[in-house]
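Q: pasting the sequence and the predicted model now:
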Amino acid sequence: MGSGHSTIAQLEKQTVFQTKVYRIPALLYERDSKTLIAFAEQRKTPDDASGEKLVMKKAEVKETNSSGKTVEWSELRVVKEAHIDGYRPMNPCPVYDKVNKKLFLFFICVEDSVTEQWQIKWYCNKARLCYITSTDFGETWSGVTDLTDKLTEIKDWATFAVGPGHGIQTGGRRLIVPAYAYYSCCRTSCLCCSCKSNTLSLYSDDSGENWKFGEMFPTKSNECQMAEVYDDNGSSFIYCNARSDKCCRVDAFSENNGVTFSVIRCSKLKETGSSGCQGSVISFPAQKESANAERDPSPNKWLLFTHPTSKSSRTDLGVYLNKSPCDPKAWSEPTIINGGPSGYSDLACIDDGWFACLFECGQHEIYEQLAFVVFSYNDIKKNTGE
């Protein structure tokens, strides 16, 4: 990352999911009840095609005597409602409607034992777009809503997925779920056309009654997350950070609330290995820089991004800070929040200047556990030299 060097934050790490194989973390925070909810896939093996069910845990965030945060997780619960017979649920992607206090858990259901590679090779989609809802923040869930046949774009795709990780609600109340799809102009398995993945949004302007897809990114991109930020004039736009098979991440911006995106060709954020890795992004209110400083009255927001920092392997999970979201060159050097094998992650903004991250990690392999850390803006500030 640039000419600087990463630093290591001394954080207390909690194990959240272990003993079986758990992958693909998703994390959401509900501010009124100070409650975190974590989701993951339970699998027979680390392989994508071995998924069995979605699981969850909840936790209340409490203040400590030392002005920190403490989190105690509940017992694991199987999200049995996230199920279609003959299919495995994958890619948990929660989004919370703060207006109606309704939690949507999006996921895909893929026909048992069918791989993503098989679907791409034969241009034959075996995935379904589903969600369940909860009005008591995950205590009880609705049955499955299957949107597959209601969204006509899906029939033209080889396959697709949501997230994984969290979706967002904008200040204008739009719900946005990040997604990506494999598509070819030929729409067949012929060898003359390459089938590429492209990022896009799934959104609703009526509290989840109806959903629409935005337009695909103009450049190859994959798993993604989105955040709402503001320019210097106070105008809202959507920032998206997506996985790439190139050396750099894909940065993109939308001025129409996530319908279409303009891609920044060269990101300062580097990708991992030849096929990349999922990463997480959130926005949060701009912080005052000293105890005597007044809070900036503008609506400016900053960005945090988590991703393995190695260019060659999934190791050393880092968090990056951007105080000027309109400038893709403004990302800081990373602060390492987990040394060693580290994979997928998901960020949540807890409250003023505090954050949480759920991530894959282990001593030898990334799929040994899903762990969790809480950290503050000051932890990042002192480690990045900002």
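A: Sure, I can see it. As the structure is a computational prediction, the values presented were derived from the model and not from experiment.
Q: I'd like the average pLDDT over stretch 61-79.
A: Across stretch 61-79, pLDDT averages out at 88.
Q: what pLDDT is listed against Arg187?
A: With respect to pLDDT, Arg187 scores 60.
Q: tell me how far stretch 372-386 lies from the chain's centre.
A: 20 Å (C-alpha atoms, centre = their mean, to the nearest Å).
Q: shift numbering so it begins at 367
A: All set: I'll call the first residue 367, so the last point we hit is now stretch 738-752.
Q: any buried residues in that stretch, and which?
A: Across stretch 738-752, burial judged by 16 or more other C-beta atoms under 10 Å covers 738-743, 745-747, 749-750. Every C-beta, even on glycine, is put in place using the N, C-alpha and C of the backbone.
Q: please apply the same query to stretch 641-658.
A: 642-651, 653.
Q: just to check, Gly574 is in contact with Arg539?
A: No: applying C-beta atoms under 8 Å as the test, Gly574 and Arg539 come out as separate, 10.8 Å apart.
Q: residues near the residue nearest to Gly509 when sequence neighbours are not counted, how many?
A: With C-beta to C-beta, 6 or more residues apart in numbering as the criterion, Gly509 has its nearest non-adjacent residue at 6.2 Å, and that residue is Glu447. Neighbours of Glu447 under the rule other C-beta atoms under 10 Å: 16.
Q: what about Glu447, which helix or strand?
A: For Glu447, there is no helix or strand it lies in under DSSP states H and E.
Q: wait, doesn't it sit right on Gly504?
A: No: contact criterion C-beta under 8 Å: Glu447 and Gly504 do not qualify, at 10.6 Å.
Q: can you give me the helices in the chain?
A: 482-488, 743-750 (DSSP state H).
Q: okay, and the common contacts of Gly574 and Arg539?
A: Common neighbours of Gly574 and Arg539, counting by C-beta atoms under 8 Å, 6 or more residues apart in numbering, are Asp463.
Q: who has more neighbours out of those two?
A: Higher neighbour count among Gly574 and Arg539: Gly574, with 17 against 14, using other C-beta under 10 Å.
Q: separation between the more buried one and Thr511?
A: 9 Å (C-beta to C-beta, to the nearest Å).
Q: joint contacts of the two?
A: Common neighbours of Gly574 and Thr511 (C-beta under 8 Å, 6+ apart) are Thr499.
Q: where's the nearest residue to Val739 once chain neighbours are set aside relative to Gln591, distance?
A: Sequence neighbours aside, Leu377 is the residue nearest to Val739 in space, at 4.5 Å (criterion: C-beta to C-beta, 6+ apart). Applying C-beta to C-beta, the value for Leu377 to Gln591 is 21 Å.
Q: neighbour count winner among these two?
A: Gln591 (28 against 17).
Q: surely the more buried one meets Gly531?
A: Yes: look at Gln591 against Gly531 with C-beta under 8 Å: they come within range, at 5.1 Å.
Q: common neighbours of the two, please.
A: 544, 646.
Q: name the helices or strands packed onto the longest strand anywhere in the chain?
A: Longest strand in the chain by number of residues, with DSSP state E as the criterion: strand 701-717. With contacts taken as 3 or more C-beta pairs under 8 Å, 6 or more residues apart in numbering; DSSP states H and E, strand 701-717 sits against strand 373-374, strand 387-396, strand 646-651, strand 667-674, strand 681-688, strand 720-727, strand 735-742, helix 743-750.
Q: just to revisit the earlier point, among the helices of the chain, which comes closest to Asn457?
A: Ranking the helices of the chain by their distance to Asn457 (criterion: C-beta to C-beta) puts helix 482-488 first, at 10.8 Å.
Q: take the helices of the chain and lay them out in JSON lines including distance to Phe526 and mean pLDDT.
A: Below are the helices of the chain laid out as JSON lines (distance: least, C-beta to C-beta, whole Å; pLDDT from 0 to 100):
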{"stretch": "helix 482-488", "distance to Phe526": "9", "mean pLDDT": "94"}
{"stretch": "helix 743-750", "distance to Phe526": "34", "mean pLDDT": "81"}
